[in-house]
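> Could you look at this predicted model? Sequence included:
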2 protein chains.
Amino acid sequence: MSPTSAKTDIPLKASQTAADNATVAVDVVLLTVDKGALWVTLYQRIREPHIGGYSLPGGLVRSDESLDEAAHRILAAKVGISGVFLEQLYTFGDIHRDPRSRTITVAYYALVDANRFRMPPIDPTAIDIPKVIAARIEVPWTGETGGPVDATGPEGEPLELVLDHADILGLAIKRLRGKLDYTPVGFQLLPEEFTLRELQTIHEVIRGEPLNKDSFRRRMLASHELEATGAHERNVAYRPAELYRFCRRSAT
Amino acid sequence: MSPTSAKTDIPLKASQTAADNATVAVDVVLLTVDKGALWVTLYQRIREPHIGGYSLPGGLVRSDESLDEAAHRILAAKVGISGVFLEQLYTFGDIHRDPRSRTITVAYYALVDANRFRMPPIDPTAIDIPKVIAARIEVPWTGETGGPVDATGPEGEPLELVLDHADILGLAIKRLRGKLDYTPVGFQLLPEEFTLRELQTIHEVIRGEPLNKDSFRRRMLASHELEATGAHERNVAYRPAELYRFCRRSAT
DNA sequence: TGAATAGTGTCTATAAGACAATATCCC
DNA sequence: GGGATATTGTCTTATAGACACTATTCA
């Protein structure tokens, strides 16, 4: 505030020592929509602390990679998935968020269609290999209120998320709900070709509320983000719907 | 990808050494709207590298403060402003963004009304004290296209922004434009009481395009975010407009 | 009184919700 | 044919843009 402090504050970067001041990690929220619910990939911890607790796939940032590259690497190495939609979410840096050390984590979220959201085969007899699971997400708030969300395991049992990972997960859901209104993010959760009904279900699951069918169809078809393929779905016990494909807009 | 790599990847956090892996800084984009333009607070560098170049007010994160606290501290210490709207923007972590060392910066943006956007008095005779200036922002793109923006000094001369600060500034503008549509962020740029015309001007400057007056009035009055004070502006050469005040919504 | 902007009322165009009618598949 | 969902069309309602008209201040 005083000229003196201003004077000493300024050269901080220039005069910094080689010693770095924090540990920087990246955590990735990998989401999909399937069976009328949101799913996230979690790791079960096999070591202390919080042994048995569940965490987002994450890791430390290396000195030879950018934050984006770290997120891609972690997704590929820990979940075996690449080439998906991946975007930075938020950076969590509370002092005591990790009781072991001062760790700042740059959270990312990724979207993948249900077919690619497959867990890597885990040898059930192996010891000391972390368990990767698909956890079902339950959102205890409506709209874009925000806040932590709950995750449940295969048997419907609640999973304990370590550290602030329930908050990170909650923020990913909130961001996804917000994005849905003005960006074509739903396509990231579907295969190449899909029906309008499937796209609507994606939107409904993400928003956690039903949508008006007529209005949804009109909006989507008027957006010029969809392209009819001419083909139709097969082997359904009702009139087959036409298949559409996402088309990147050229001009507005 | 292989079970082995998965096995070695997992304990990274747990087995990390005390040595931290990065330098973490915080940069703050302090914005206001005045005289029909957007303004940002910049520092002129007084040391190498990039001597004479302009940078956002920033500094290293201390071990005893959260990221938010660091942003507040930097704003208070370097610009002398506190108690304003402040929100995390994005974290920039490209490897070579700072040629001196691997530095990751968590960017924040802050909003303040034009009356409080006052530069701290600088002694013009002092040497080695950095110069703080209010730079006018020119946005070379429309809508929410995004990209770097230009800053000009008091004489209209273009200012050279160091590192990736033009990108950070551009992202702050993009975020602000997006926020405007669905959050009452315009009030942060006005004094306690204001007219509808002043609020509309704020929106127009941020969006960089004129707005329909009738529609804007209707939307604002229907949002239940405004409260009429009953008072009117004074000393204007036309019919004085009623003064309004922002009221936090109770229920929806 | 004239200039300038505030504020109100009305009309029209567009988008959303509701709903009916028809089309197409599998069984 | 019966059941189920797709697709089209129409009607109603809400909102945005355009515009005309009145109101209030200072010079």
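Done, it's in. Numbers count the residues shown, from 1 in each chain, chains lettered A, B, ... in the order given.
> Could you say which helix or strand holds the residue of the stretch 51-200 of chain A found nearest DNA strand C?
Residue of the stretch 51-200 of chain A nearest DNA strand C, by CB to the nearest atom of the strand: residue A:181 (10.2 Å). To be clear about C-beta, it is placed using only N, CA and C from the backbone, and glycine gets the same treatment. Using DSSP states H and E, residue A:181 sits in helix A:165-182.
> and that helix, average pLDDT?
Across helix A:165-182, pLDDT averages out at 95.
> If I take that helix and helix B:165-182, what angle do their directions form?
For helix A:165-182 against helix B:165-182, the angle by axes from the mean of the first three to the mean of the last three CA atoms, to 10 degrees is 70 degrees.
> what does chain A put close to DNA strand D?
Within chain A, the positions lying close to DNA strand D (CB under 7 Å from any atom of the strand) are A:195-197, A:213-214, A:217, A:232, A:237-242.
> please redo it, this time with the cut-off set to 10 Å
Residues of chain A lying near DNA strand D by CB under 10 Å from any atom of the strand: A:195-198, A:200-201, A:213-215, A:217-218, A:221, A:228, A:232-233, A:236-244.
> Scan chain A for its longest strand.
Of all segments of type strand in chain A, defined using DSSP state E, the longest is strand A:23-34.
> For that one, enumerate the helices and strands it packs against.
With contacts taken as 3 or more CB pairs under 8 Å, 6 or more residues apart in numbering or on different chains; DSSP states H and E, strand A:23-34 sits against strand A:37-44, strand A:58-60, helix A:67-79, strand A:103-111, helix A:165-182, helix A:196-207.
> Quickly run through the sheet partners of it, with directions.
strand A:37-44 (antiparallel), strand A:58-60 (antiparallel), strand A:103-111 (parallel) (DSSP bridges).
> could you point out where the stretch 1-150 of chain A is predicted with low confidence?
A:1-19, A:119-129 (pLDDT under 70).
> Make CSV out of the helices and strands packed on strand A:23-34 and add distance to residue A:90 and mean neighbour count.
Below are the helices and strands packed on strand A:23-34 laid out as CSV (distance: least, CB to CB, whole Å; neighbours: other CB atoms under 10 Å in any protein chain shown):
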stretch, distance to residue A:90, mean neighbour count
strand A:37-44, 16, 21
strand A:58-60, 14, 22
helix A:67-79, 12, 21
strand A:103-111, 5, 25
helix A:165-182, 6, 20
helix A:196-207, 18, 18
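> need those in JSON lines with distance to residue A:97, can you?
Shown next, in JSON lines, are those (distance: least, CB to CB, whole Å):
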{"stretch": "strand A:37-44", "distance to residue A:97": "18"}
{"stretch": "strand A:58-60", "distance to residue A:97": "13"}
{"stretch": "helix A:67-79", "distance to residue A:97": "18"}
{"stretch": "strand A:103-111", "distance to residue A:97": "7"}
{"stretch": "helix A:165-182", "distance to residue A:97": "9"}
{"stretch": "helix A:196-207", "distance to residue A:97": "27"}
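> Quick one, which of the ones you listed gets closest to residue B:74.
Closest to residue B:74 of these is strand A:103-111 (CB to CB; 16.1 Å).
> okay, the angle between the closest one and helix B:67-74?
Going by the same axes, to 10 degrees, strand A:103-111 makes 120 degrees with helix B:67-74.
> what's the angle from strand A:103-111 to helix A:196-207?
Using the same axes, to 10 degrees: strand A:103-111 against helix A:196-207 is 160 degrees.
> The next helix or strand after strand A:103-111 pairs with which strands, parallel or anti?
Using DSSP H and E, the next helix or strand after strand A:103-111 towards the C-terminus is strand A:131-138. If you go by DSSP bridges, strand A:131-138 pairs up with strand A:37-44 (antiparallel), strand A:150-152 (antiparallel).
> gap between strand A:131-138 and the chain center?
Centroid separation for strand A:131-138 versus its chain: 12 Å, with CA atoms, centre = their mean, to the nearest Å.
> Could you do stretch A:183-195 as well?
That offset, for stretch A:183-195, works out to 15 Å (CA atoms, centre = their mean).
> Endpoint to endpoint, it covers what distance?
18 Å (CA to CA, to the nearest Å).
> what's the answer for stretch A:29-45, then?
Stretch A:29-45 end-to-end distance (CA to CA) = 16 Å.
> One more: stretch A:137-156?
10 Å.
> Residue A:46 in helix, strand or coil?
Three-state call for residue A:46 (DSSP: H, G, I helix; E, B strand; the rest coil): coil.
> doesn't residue A:132 make contact with it?
No - using CB atoms under 8 Å as the test, residue A:46 is too far from residue A:132 to be in contact (11.3 Å).
> correct me, but residue A:173 touches residue A:139?
Yes - contact criterion CB under 8 Å: residue A:173 and residue A:139 qualify, at 5.7 Å.
> Pull up the overlap in contacts between the two.
Overlap of the contact sets of residue A:173 and residue A:139 (by CB atoms under 8 Å, 6 or more residues apart in numbering or on different chains) consists of A:38, A:149.
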